[in-house]
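S.K.: Take a look and give me a structure for this.
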Amino acid sequence: MLHRTISLTVIASIALTLAFSGCASMTERTDRVRTVFVNDVKIRVSLPPEGNERTGIAVDFLTVHNAELAAKLMETDAKTWFSAKNQFKNDYTAGKDFDIEEREYAPGSFVRPVELPWRSRRTVLLIYADYRSPGPHRFRANQRQELILTLGEKEFSVVPKN
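M.R.: A predicted model of the protein is given here:
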């Protein structure tokens, strides 16, 4: 009987040790996941009345977390992006390979900032604007920082927020 009590005590101690060590590692994982989503990139948008020759404009903001996709998109101009966007969305997984915020703006309007998750040092930010004028209309950043996007008459500019 004493031998059986000791065995049950040893088994219970081992089970509790394993359970508590598992909880600690779960806490660490949860903290890491929480940290990932706290590190967003914020983009403020300025829309002068003369923007895009005084017409509305579609702007897509992407954070890309897949190196293969990032390489393809860094070679893609805005015209190609907007015509092939649905195919990219079918070929890659939103929320895993990339995050996207699709907006349409009217010149001179007030808009809220765009916030996208920045998941790792390998994340790439891309901005595409569907201008009427010819040009690449694409911006790329490899580091997380707050930015100001100004949608001009024929092109946009992006500068770091001071």
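S.K.: So what are the structural domains in the chain, by residue number?
M.R.: The chain breaks down into these domains under automatic domain parsing: 1-38, 40-160.
S.K.: where does this structure have low pLDDT?
M.R.: Low-confidence segments of the chain (pLDDT under 70): 1-38.
S.K.: At which residues are the strands of it located?
M.R.: 40-46, 57-64, 98-105, 114-117, 124-129, 138-141, 147-151, 156-160 (DSSP state E).
S.K.: and those strands as a markdown table, adding distance to residue 88 and mean neighbour count?
M.R.: From N, CA and C alone the C-beta is placed, and that goes for glycine too. Output for the strands of the chain, formatted as a markdown table (distance: least, Cβ to Cβ, whole Å; neighbours: other Cβ atoms under 10 Å):
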| stretch | distance to residue 88 | mean neighbour count |
| --- | --- | --- |
| strand 40-46 | 20 | 18 |
| strand 57-64 | 9 | 21 |
| strand 98-105 | 8 | 16 |
| strand 114-117 | 16 | 17 |
| strand 124-129 | 11 | 23 |
| strand 138-141 | 14 | 17 |
| strand 147-151 | 21 | 19 |
| strand 156-160 | 21 | 14 |
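S.K.: Go through the domains of the chain and pick out the most buried.
M.R.: Of these, the one with the most neighbours on average (mean count of other Cβ atoms under 10 Å) is domain 40-160, at a mean of 16.
S.K.: Turn the strands of the chain into CSV, including distance to residue 77.
M.R.: Output for these, formatted as CSV (distance: least, Cβ to Cβ, whole Å):
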stretch, distance to residue 77
strand 40-46, 20
strand 57-64, 13
strand 98-105, 17
strand 114-117, 21
strand 124-129, 8
strand 138-141, 6
strand 147-151, 17
strand 156-160, 13
